[in-house]
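>>> coords please:
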Amino acid sequence: MDWFRVRLTEEQRRVVNEERTFHPNPRIRERMLVLLLLHNGFTRQEAAQVVGIGRATVQRYVAAFREGGLDGLRQWNVNRPVREMAAYRELIRESFEKQPVCTVAEAIERIFQLTGLRRGPSQVRKFLKDLGLKFQRVRMIPVPPKKTWPSTSKPKPIFSTPS
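A predicted model of the protein is given here:
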């Protein structure tokens, strides 16, 4: 296969120059910068060093440009798994806002009853945090004893003598 030289038309160069500065996705801006550097005569290795990526990554950018042009370079198909519980997000939120749970174990059981999905404690904690729900720590408030109680009415000595 022949070595592919990046040559941009005047219109492409204008688009690349604009998108390398103003595109909302930083990875697309990086790709446009690499393309502009290659167009201006940098080698793939030099462009990789300037941008701070690997030469193989530059090669992938060039292959994407060769196959799809600027639109091929703009594609950002990130493969992120979607949680199964995401489909039940609103149902779970409504249930927990109507009747809050006290423990994570109770939340696990409620989610299982609502959705049929059983998840571990750490996954349920993270999911509930992503929903915007917070765990409230509940404890007893210490109250000093009343002085009128028979057990506390007489002051006790700090040191006692053996009897």
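>>> switch to C-alpha atoms for all contacts and neighbour counts from now on
OK.
>>> what's the next secondary structure element after the longest helix belonging to the chain?
Among the segments of the chain that qualify as a helix by DSSP state H, the longest is helix 55-74. Next along the chain after helix 55-74, taking DSSP states H and E as the criterion, comes helix 89-98.
>>> Which strands or helices does that following helix pack on?
The contact analysis (3 or more Cα pairs under 8 Å, 6 or more residues apart in numbering; DSSP states H and E) places helix 89-98 against helix 104-115.
>>> Run through who's touching the helix it packs on.
With Cα atoms under 8 Å, 6 or more residues apart in numbering as the test, helix 104-115 has contacts from 85, 88, 91-92, 101, 117-121, 124-125.
>>> Residue 46 is in what secondary structure piece?
Per DSSP H and E: helix 44-51 holds residue 46.
>>> Could you check how far residue 120 is from residue 40?
Counting by Cα to Cα, to the nearest Å, the gap between residue 120 and residue 40 amounts to 54 Å.
>>> coming back round to it: may I see the contacts of helix 104-115 organised as JSON lines, with neighbour count and distance to residue 27 added?
As requested, the contacts of helix 104-115 are exported to JSON lines (neighbours: other Cα atoms under 10 Å; distance: Cα to Cα, whole Å):
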{"residue": "85", "neighbour count": "18", "distance to residue 27": "29"}
{"residue": "88", "neighbour count": "13", "distance to residue 27": "32"}
{"residue": "91", "neighbour count": "14", "distance to residue 27": "36"}
{"residue": "92", "neighbour count": "20", "distance to residue 27": "35"}
{"residue": "101", "neighbour count": "15", "distance to residue 27": "42"}
{"residue": "117", "neighbour count": "13", "distance to residue 27": "36"}
{"residue": "118", "neighbour count": "15", "distance to residue 27": "37"}
{"residue": "119", "neighbour count": "15", "distance to residue 27": "34"}
{"residue": "120", "neighbour count": "10", "distance to residue 27": "34"}
{"residue": "121", "neighbour count": "14", "distance to residue 27": "35"}
{"residue": "124", "neighbour count": "18", "distance to residue 27": "32"}
{"residue": "125", "neighbour count": "18", "distance to residue 27": "31"}
